[in-house]
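[1] After the sequence you'll find the predicted model.
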Amino acid sequence: MTKVENITSPANEDLIPEFRDEAMGIPTILINSARRVTHDGEPGVIIPDIPGLEAAIAVARVTLPHKLSGREIRFLRRSMGLKAVALAKFLDVTPETLSRWENGPEAISTNAERVLRLRVLQTLKEKVIGIKVRSGDILDLKFSPVRLAHPVALVFTRLSVLSDESLQEAWVFCRESMTETHHLDRASA
């Protein structure tokens, strides 16, 4: 199935009650927010405001206490539009260290993880009106010392949110969802 965006008048359109997606880098479940379409005989899915969803996924993920996986670190870096070399320099580590974190053999240190989470929040919070987080929330967060063997899925819906005295459509983080039996991977902690 192909993801399509900005189709003005699809021939057929159905709201999907629960759409699961892993293509963005972090497992995501969209509740009543994606639409199944057929356009010129081709099936597809419309997900509104994909850049806004990407920012919402990043901000929601940095609020959860689970240790970041390599795939999640890469997703967060890309969601901020940073090259690996630039993030490594910001975190005061070598590009090789960042590569080991992103590719999985080495877990990110607690201090570097906290700084990364704060950077994500500071970079993306203006794009995410449906999720309210303060820097203090990240500073006070107690991280799990181990990474999950399987990442949790983040659940979102699209709602009208009051912002600057007007209603705007926004991605709202509902909860995390463990969709399979998840075991802690102590070897990667």
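    Now that the structure is in, tell me what you want to look at. Numbering: from 1, shown residues only.
[2] Please make it C-alpha for all contacts and neighbour counts, starting now.
    OK.
[3] quick one: the strands in the protein?
    With strands called from DSSP state E, the chain shows them at 2-4, 12-21, 28-39, 42-46, 147-148, 153-163, 166-177, 184-185.
[4] Of the ones you listed, which is nearest residue 132?
    Closest approach to residue 132 among the strands of the chain (CA to CA): strand 166-177, 9.6 Å.
[5] buried ones in the closest one?
    Neighbour-count burial for strand 166-177 flags 170, 171, 172, 173, 176 (criterion: 16 or more other CA atoms under 10 Å).
[6] Check stretch 62-74 too.
    Neighbour counts using 16+ other CA under 10 Å place 62, 63, 64, 66, 67, 68, 69, 70, 71, 72, 73, 74 of stretch 62-74 among the buried residues.
[7] what's the burial count for the residue nearest to the last one when sequence neighbours are not counted?
    Yep, that's residue 74 we're talking about. Leaving aside its chain neighbours, residue 74 sits nearest to residue 102 (5.6 Å; criterion: CA to CA, 6 or more residues apart in numbering). Residue 102 has 22 neighbouring residues, counting by other CA atoms under 10 Å.
[8] same question, residue 58
    For residue 58, the tally of surrounding residues (other CA under 10 Å) stands at 26.
[9] and it, what does it touch?
    By CA atoms under 8 Å, 6 or more residues apart in numbering, the contact set of residue 58 is 75, 76, 79, 120.
[10] Excluding chain neighbours, give the residue nearest to the most centrally placed residue in the chain in space.
    In the chain, the centroid-proximal residue (CA atoms, centre = their mean) is residue 57; its distance is 2.5 Å. Excluding its sequence neighbours, the residue lying closest to residue 57 (CA to CA, 6+ apart) is residue 154, at 7.3 Å.
[11] And residue 137, by the same measure?
    That would be residue 63: by CA to CA, 6+ apart, it lies 7.5 Å from residue 137.
[12] Mind naming the longest helix for the chain?
    Counting by DSSP state H, the longest helix found in the chain is helix 110-124.
[13] which parts of that one are buried?
    Residues of helix 110-124 classed as buried by neighbour count (16+ other CA under 10 Å): 113, 114, 116, 117, 118, 119, 120, 121, 124.
[14] and which of those residues is nearest to residue 34?
    Among the buried residues of helix 110-124, residue 124 lies closest to residue 34 (CA to CA), at 22.6 Å.
[15] before we move on, back to that, so which elements touch the longest helix of the chain?
    Based on contacts counted as 3 or more CA pairs under 8 Å, 6 or more residues apart in numbering; DSSP states H and E, the elements that helix 110-124 packs against are helix 50-62, helix 84-91, helix 135-139.
[16] what's the last one packed up against?
    Just to be clear, that refers to helix 135-139. Helix 135-139 packs on helix 110-124, going by 3+ CA pairs under 8 Å, 6+ apart.
[17] okay, the angle between the helix it packs on and helix 50-62?
    Interaxial angle of helix 110-124 relative to helix 50-62 (axes from the mean of the first three to the mean of the last three CA atoms, to 10 degrees): 150 degrees.
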